[in-house]
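Colleague: Provided below for reference: sequence and predicted model.
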Amino acid sequence: MSIEAFFKDTDSGVEKRNRIRLSVAAYAYEVHDDPIMSDAEFDALASKINVQVVTDNELIDDFFRENFSSHTGQWIHKHPDKEGLEKIYAKVFKRKYQ
């Protein structure tokens, strides 16, 4: 499956992409003290999150409905896939600083 197919421009595809980007940004900031986007970018992206959109990941859908708050990144500490977030952070962002 291509990355384009994974992130189809459907409501759920856009929502999935936004949730991943926001989660990685919150994780980088909260866990690694590494702001990978500005506060303004984070706030703008957080305001786009729609917890009512159903994606193909029930665990993450439930997590966002129950824990997400657009006013903070503290919810990331309860994220059910911190290992996955660490992998994305290390692969995409950490390499830039080495």
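Modeller: Perfect, I can see it now. Computed from a predicted model, the values in this text were never measured in an experiment.

Colleague: now do the helices in the protein.
Modeller: Read by DSSP state H, the chain holds these helices, from start to end of the chain: 3-6, 11-32, 39-48, 58-67, 82-88.

Colleague: need the winner for burial among those.
Modeller: The highest mean neighbour count among the helices of the chain belongs to helix 11-32 (a mean of 19), with neighbours defined as mean count of other CB atoms under 10 Å. Heads up, the C-betas are built off the backbone N, CA and C, glycines and all.

Colleague: pLDDT on that helix, on average?
Modeller: Helix 11-32 shows a mean pLDDT of 95.

Colleague: repeat for stretch 78-94
Modeller: Per-residue pLDDT over stretch 78-94 has a mean of 94.

Colleague: what sits up against it?
Modeller: For stretch 78-94, the surrounding residues in contact (CB atoms under 8 Å, 6 or more residues apart in numbering) are 20, 23-24, 27-28, 31-32, 34, 36, 59-60, 63, 67, 76.

Colleague: just flag the most distant two among these.
Modeller: Looking at the contacts of stretch 78-94 by CB to CB, the two members farthest from one another are 34 and 59, with 25.7 Å of separation.

Colleague: reformat the helices of the chain as CSV; add distance to residue 94.
Modeller: What follows is the helices of the chain, written out as CSV (distance: least, CB to CB, whole Å):
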stretch, distance to residue 94
helix 3-6, 20
helix 11-32, 8
helix 39-48, 19
helix 58-67, 23
helix 82-88, 9
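
Colleague: can you give me the end-to-end span of stretch 77-86?
Modeller: Start to finish, the residues bounding stretch 77-86 are 12 Å apart (CA to CA, to the nearest Å).
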